[in-house]
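S.K.: Fold the following, please.
(one chain, ligands or ions: 1)
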Amino acid sequence: MTEHTSLPLFAALDLDTLREARRTMDVLSGAVDAIKIGPRLYAQGGAPFLKEIVDHGFKLFLDLKLHDIPNTVRLAVETLADLGIFCLTLQTAGGRRMMEESVAARDRLGSTMKLLGITVLTSFDEKSWDEVAPGCPMDVAIKKRAWLCGDCGMDGLVCSPLDLPEVRAVTPPTLLKVVPGVRLVAGGDDQSRVATPADAFRNGADYIVMGRPIYKAPDVRKAVAEIARSIEEGLSCRK
Ligand SMILES: O=C(O)c1cc(=O)[nH]c(=O)n1[C@@H]1O[C@H](COP(=O)(O)O)[C@@H](O)[C@H]1O
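M.R.: Coordinates of the predicted model:
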């Protein structure tokens, strides 16, 4: 096991292969203490790969964005509950009963795995949002979904850094705010609602999630050091 920092940053490893992910984790060891993986690596490595990440000493964010009828999601939560996962994502669009049954199942099993609700993906802008939710302004959906996470007993939520002021207005301070869509320099990809690490923490993020700016950087550890400086800046003038 390696020595780890307590940087409030999840490095998202959206890489092609387990081999690349292992290599990146080795480089990140000691600089980052929390890793996020999504469906691609999970499909390749399954539970043994999750164990490998946890045994490495990393806090593990499993980002499956589960979205189905309550029974189906609850069964998945039960299966994932004792694998040492720090947090797991569910889509709030699955509704109250899906979230409440998942929380209850997790509690019944005595698991500490945190359940986070996705509010509105950071890739949406007003135009693309209107195509999937015609007539519902994005800020209304964000606030309602954020509130619902708190009301259903979820441990936290995922939102854009730009949404934090509205989200904080309708949620208890204890609800974890996990924030992707973070860039030192914005532009040129599929993220729409973005801000810097400094702005995310100034506005109340508990953790940020960053992928490509880390694993695509020519010097991964140098990129993390720059992000860490921006995080410090934000934390030092938190609103
Ligand atoms: O749940 C997430 O982590 C997530 C939610 C969201 O609204 N937007 C979003 O980008 N993410 C994830 O955060 C990571 C962002 O990666 P980069 O855009 O490469 O920094 C990806 O792994 C996404 O799957």
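S.K.: measure the residue in the chain that the ligand sits nearest to to P48 for me?
M.R.: The ligand sits closest to G211 of the chain, with a gap of 2.9 Å, by C-beta to the nearest ligand atom. (Glycine included, C-beta is placed from N, CA and C.) G211 is 23 Å from P48, where distance means C-beta to C-beta, to the nearest Å.
S.K.: Of those two, which one has the most company?
M.R.: Using other C-beta atoms under 10 Å, the more surrounded residue of G211 and P48 is G211, with 18 against 9.
S.K.: Can you pull the phi/psi pair for T72?
M.R.: phi -70, psi -40 (degrees, to the nearest 10).
S.K.: Tally up the residues packed near it, please.
M.R.: 13.
S.K.: As a check, name the ranges of all strands in this protein.
M.R.: 9-12, 34-37, 59-66, 87-91, 114-118, 156-158, 176-179, 207-210 (DSSP state E).
S.K.: Contact residues of this structure facing the ligand?
M.R.: Residues of the chain lying near the ligand by C-beta under 6 Å from any ligand atom: 12, 14, 38, 63, 89, 118, 121-122, 158, 180-181, 191, 209-213.
S.K.: among those, which ones are buried?
M.R.: By neighbour count, with 16 or more other C-beta atoms under 10 Å, these hold 12, 14, 38, 63, 89, 118, 121-122, 158, 180-181, 191, 209-211, 213 as buried.
S.K.: between these, which is nearest P134?
M.R.: The nearest member of those to P134, counting by C-beta to C-beta, is L121 at 16.9 Å.
S.K.: roughly how far apart are the closest one and L175?
M.R.: From L121 to L175 the distance is 19 Å (C-beta to C-beta).
S.K.: For the protein, which segments are assigned as helices?
M.R.: 18-28, 39-55, 70-80, 96-108, 126-132, 138-151, 164-169, 197-202, 212-215, 220-236 (DSSP state H).
S.K.: who does the second one touch, helix- and strand-wise?
M.R.: For helix 39-55, the packing partners by 3 or more C-beta pairs under 8 Å, 6 or more residues apart in numbering; DSSP states H and E come out as helix 18-28, strand 34-37, strand 59-66.
S.K.: same thing but 7 Å
M.R.: Packing partners of helix 39-55 (3 or more C-beta pairs under 7 Å, 6 or more residues apart in numbering; DSSP states H and E): helix 18-28, strand 59-66.
S.K.: How about the first one?
M.R.: For helix 18-28, the helices and strands in contact under the criterion 3+ C-beta pairs under 7 Å, 6+ apart are helix 39-55, helix 220-236.
S.K.: for the last one, same thing?
M.R.: With contacts taken as 3+ C-beta pairs under 7 Å, 6+ apart, helix 220-236 sits against helix 18-28, helix 197-202, helix 212-215.
S.K.: Pick the most buried one from these.
M.R.: helix 197-202 (a mean of 24; mean count of other C-beta atoms under 10 Å).
S.K.: Let me see the mean pLDDT of that one.
M.R.: Across helix 197-202, pLDDT averages out at 98.
S.K.: which residues of this structure score low on pLDDT?
M.R.: Applying pLDDT under 70 to the chain flags residues 1-5, 239.
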